[in-house]
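K.L.:
Structural data only, the sequence is not supplied:
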């Protein structure tokens, strides 16, 4: 019999809060974390706003060999392991570290650090930039440093699939537990790539909003005048655990990770497939894996990027999967508040989904004051809503056509 997988801990770093409590408070009150870029002078750029993580402090000695995305990963993992009651067990040697692993991904890795050190290389020549540049910037350092900091000796690896990274990591971690490779997995996604070169790269793709004069309303999924996503940073991490292991140690179970689905559009490097068939396939695979009918889903956390193509195609895909139930299941995008954290996005959104089940509240899609008439689902406009969904779905669709969908269900 396949081992059931449950969630026992949450950790998050985001532009609206650096722990689950602050994060959730911002979401249910519809507070945006988007503002003018402060990390560098963005005056020359067409887009000058982002969802920057604020008031984030990390021990300088521990963090001097970590890029910012890695620091986010370690902090979120610490929160999640702490909530799960595992930090103390690990420290006391009461948990077999060889049965505890981590798969925390990032879409890009240490882009800002590479950018800064490359400038030194160009200006000063060989041997004049940080000697640890390579091990600091590579994407596997999020999972690697979680392992090092907390002594986790089980499966440890990285998935890097752009904006679907977090969901793919969660699905992979769930499979590790189901296959018996681990009892506990730390899983999710992180990103920190608010830098001049990265910003301009997305600008040149015409992917970003240019609503610079009113940053908090710039991310407006499903709106008639949406004009692109807002670049953000942060990440979300969950502790996943086999049900038998969690019950044996008397853990407080937050939710069940019921299933996940993956697919590929096989279409284009940046645009989603026009019919939404790839997104729909991933949703159907997730439902099949969770052994749930579409009608069991009481809330859909949309990918909802605020780009013209994504919001329309995702809506089409939801209708294809859910039929008449698509008009009954609330759909919202927290990217309206937290922006788009790329490889960290679906990790952050997974935390929001579990908190939805815990608190019986659905976070809103803010800035939805002028809905696109072609998009006619219930997008929970502007105000959080009381509800008690039995299961929630979270969508993530990425450049390259990588689709990842996860389902969490209520734990009685």
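P.N.:
Done, it's in. Since this is a predicted model, take the numbers as computed values, not measurements. Numbers count the residues shown, from 1 in each chain.

K.L.:
How far off centre is the helix or strand bottoming out on mean pLDDT in the chain?
P.N.:
Ranking every helix and strand in the chain by mean pLDDT, DSSP states H and E puts helix 60-63 at the bottom, with a mean of 90. Distance of helix 60-63 from its chain centroid, counting by Cα atoms, centre = their mean, to the nearest Å, is 25 Å.

K.L.:
and the end-to-end length of stretch 11-27?
P.N.:
Its first and final residues considered, stretch 11-27 spans 15 Å by Cα to Cα, to the nearest Å.

K.L.:
cool, and stretch 250-270?
P.N.:
End-to-end distance of stretch 250-270 (Cα to Cα): 45 Å.

K.L.:
Distance from that stretch to the middle of the chain?
P.N.:
Here stretch 250-270 is found 11 Å from its chain centre; the criterion is Cα atoms, centre = their mean.

K.L.:
Now do the contacts for residue 319.
P.N.:
326, 377 (Cβ atoms under 8 Å, 6 or more residues apart in numbering). Backbone N, C-alpha and C define where each C-beta goes, glycine included.

K.L.:
Would you mind giving both backbone torsions of it?
P.N.:
Dihedral angles of residue 319 (phi, psi; degrees, to the nearest 10) stand at phi -60, psi -40.

K.L.:
State the pLDDT value of it.
P.N.:
Residue 319 is assigned 98 on the pLDDT scale.

K.L.:
Residue 366 contacts residue 337, doesn't it?
P.N.:
Yes - Residue 366 is in contact with residue 337 according to Cβ atoms under 8 Å; the separation is 5.8 Å.

K.L.:
Overlap of the contact sets of the two?
P.N.:
Common neighbours of residue 366 and residue 337 (Cβ under 8 Å, 6+ apart) are 30, 32.

K.L.:
Residue 49 touches residue 39, doesn't it?
P.N.:
No - Residue 49 lies out of contact with residue 39 (Cβ under 8 Å); the separation is 11.7 Å.

K.L.:
what about the two, which has more around it?
P.N.:
Neighbour count, other Cβ atoms under 10 Å: between residue 49 and residue 39, residue 49 has more, with 27 against 16.

K.L.:
all strands of the chain, in order?
P.N.:
Assigned strands in the chain, in chain order: 5-13, 35-36, 49-50, 100-106, 156-157, 184-191, 234-242, 255-264, 299-301, 331-332, 361-362, 385-386, 391-398, 402-409 (criterion: DSSP state E).

K.L.:
Of those strands, which stretch is the most buried?
P.N.:
For those, the largest average neighbour count (mean count of other Cβ atoms under 10 Å) is found in strand 184-191, namely a mean of 34.

K.L.:
Show the average pLDDT along it.
P.N.:
For strand 184-191, the per-residue pLDDT values average out at 98.

K.L.:
Please state the offset of it from the chain centre?
P.N.:
Centre to centre, stretch against its chain (Cα atoms, centre = their mean), the figure for strand 184-191 is 9 Å.

K.L.:
helices or strands next to that strand in the packing?
P.N.:
Applying 3 or more Cβ pairs under 8 Å, 6 or more residues apart in numbering; DSSP states H and E, one finds that strand 184-191 makes contact with helix 68-83, strand 100-106, helix 165-178, strand 234-242, helix 345-359.

K.L.:
what lines up beside it in the sheet?
P.N.:
Applying DSSP bridges to the sheet, strand 184-191 is found paired with strand 100-106 (parallel), strand 234-242 (antiparallel).

K.L.:
quick one: the shortest one to helix 68-83, angle?
P.N.:
In other words, strand 100-106. Orientation check (axes from the mean of the first three to the mean of the last three Cα atoms, to 10 degrees): strand 100-106 against helix 68-83 gives 140 degrees.

K.L.:
How about the longest one?
P.N.:
With the same axes, to 10 degrees as the criterion, the two stretches strand 234-242 and helix 68-83 enclose an angle of 40 degrees.

K.L.:
Please tell me I have it right and residue 251 contacts residue 240.
P.N.:
No - counting by Cβ under 8 Å, residue 251 does not reach residue 240; the two are 11.5 Å apart.

K.L.:
any shared contact partners between those two?
P.N.:
6, 8.

K.L.:
Next one: residue 234 from residue 106, what distance?
P.N.:
For residue 234, the distance to residue 106 (Cβ to Cβ, to the nearest Å) stands at 11 Å.

K.L.:
And residue 83, by the same measure?
P.N.:
From residue 83 to residue 106 the distance is 22 Å (Cβ to Cβ).

K.L.:
Dump the strands of the chain into a markdown table; add distance to residue 43 as well.
P.N.:
Output for the strands of the chain, formatted as a markdown table (distance: least, Cβ to Cβ, whole Å):
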| stretch | distance to residue 43 |
| --- | --- |
| strand 5-13 | 27 |
| strand 35-36 | 10 |
| strand 49-50 | 12 |
| strand 100-106 | 28 |
| strand 156-157 | 40 |
| strand 184-191 | 24 |
| strand 234-242 | 24 |
| strand 255-264 | 39 |
| strand 299-301 | 35 |
| strand 331-332 | 34 |
| strand 361-362 | 38 |
| strand 385-386 | 40 |
| strand 391-398 | 31 |
| strand 402-409 | 34 |
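
K.L.:
mind listing the helices for the stretch 201-350 of the chain?
P.N.:
In the stretch 201-350 of the chain, the helices defined using DSSP state H, counting those that start in this stretch lie at 243-248, 277-290, 308-322, 335-338, 345-359.
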